[in-house]
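J.: Need coordinates for the below:
(chains A and B)
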2 protein chains.
Amino acid sequence: MTVEQLSEEDRKSWLSALPQWSLCRDGDAIERKFEFADFSEAFAFMTRVALIAETRDHHPEWSNVYNRVEITLTTHDAGGLSLRDVKMARKIDALLG
Amino acid sequence: MTVEQLSEEDRKSWLSALPQWSLCRDGDAIERKFEFADFSEAFAFMTRVALIAETRDHHPEWSNVYNRVEITLTTHDAGGLSLRDVKMARKIDALLG
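T.: All right, here's what the predicted structure looks like:
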């Protein structure tokens, strides 16, 4: 499957709808930091993200330290950001209500 | 609860029994990198580690990218490595048979 990298213009427009995500890696990825009450809540969230990732076959780069989770999204097949990352970010945001 | 940092001598002796873990952070932590067949297997492993972590109330610093997992263990209360990290590393290793 070919995945197209977002154009500069599309990137701006899509990302304006994801105010809690920041561009990183020279604009080739987006990241968001999450904080929960404790490890149990953080890992419960990660489990839900894992299910979304597996369903969409689009996997995050992420780390966890106790109650904190950092997620980075990029599309290796596109060599940068694609619409898949934007959609995934929206799905993740939706978990938090 | 007071947690004692491992002495230099104890560290050497305990770590010799954990050949797949390396010292990092100037000897204040140990880390191991794991590789699985795919994301599903990697996250299944993470879930088992999460259960151990919660049971022992000792949580890893860790990251995941698709089929790879990196785990760092340190004891903040001890300001470095403690026996809790050694025991946790053994429990994690035991998951892999």
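J.: burial measure for A:Thr72, as a count.
T.: Residues lying near A:Thr72 (other C-beta atoms under 10 Å in any protein chain shown) number 19. Just so you know, the C-beta spots here come from the backbone N, C-alpha and C atoms, and that holds for glycine as well.
J.: What strand or helix carries it?
T.: With elements taken from DSSP states H and E, the one containing A:Thr72 is strand A:68-73.
J.: Over to A:Leu51?
T.: Here A:Leu51 is covered by helix A:39-56, with elements defined by DSSP H and E.
J.: Buried residues, that helix. List them.
T.: A:Phe39, A:Ala42, A:Phe43, A:Phe45, A:Met46, A:Val49, A:Ala50, A:Ile52, A:Ala53 (16 or more other C-beta atoms under 10 Å in any protein chain shown).
J.: now stretch A:30-38
T.: The neighbour-count criterion (16+ other C-beta under 10 Å) identifies A:Ile30, A:Glu31, A:Arg32, A:Phe34, A:Phe36 as the buried residues of stretch A:30-38.
J.: which non-adjacent residue is nearest the first one?
T.: If I follow you right, that is A:Ile30. Using C-beta to C-beta, 6 or more residues apart in numbering or on different chains and skipping the chain neighbours, the partner closest in space to A:Ile30 is A:Trp21 (4.4 Å).
J.: Could you pull up the contacting residues of the one you found?
T.: A:Leu15, A:Ile30, A:Glu31, A:Arg32, A:Leu73, A:Ala89 (C-beta atoms under 8 Å, 6 or more residues apart in numbering or on different chains).
J.: what's A:Ala29 in contact with, if anything?
T.: The neighbourhood of A:Ala29, defined by C-beta under 8 Å, 6+ apart, consists of A:Leu23, A:Glu61, A:Thr72, A:Leu73, A:Thr74, A:Gly80, A:Leu81, A:Asp85.
J.: where does chain A dip in pLDDT?
T.: Within chain A, the ranges that satisfy pLDDT under 70 run A:1.
J.: at 90 instead, please
T.: Residues of chain A meeting the criterion pLDDT under 90: A:1-4, A:8, A:10-12, A:97.
J.: Chain B contacts on chain A?
T.: Taking C-beta under 8 Å from any C-beta of the partner chain as the contact definition, chain A meets chain B at A:39-40, A:43, A:46-47, A:50, A:53-54, A:59, A:61-66.
J.: Quick check: buried residues in stretch A:6-24?
T.: Residues of stretch A:6-24 classed as buried under the neighbour-count rule (16+ other C-beta under 10 Å) are A:Leu6, A:Arg11, A:Trp14, A:Leu15, A:Leu18, A:Trp21.
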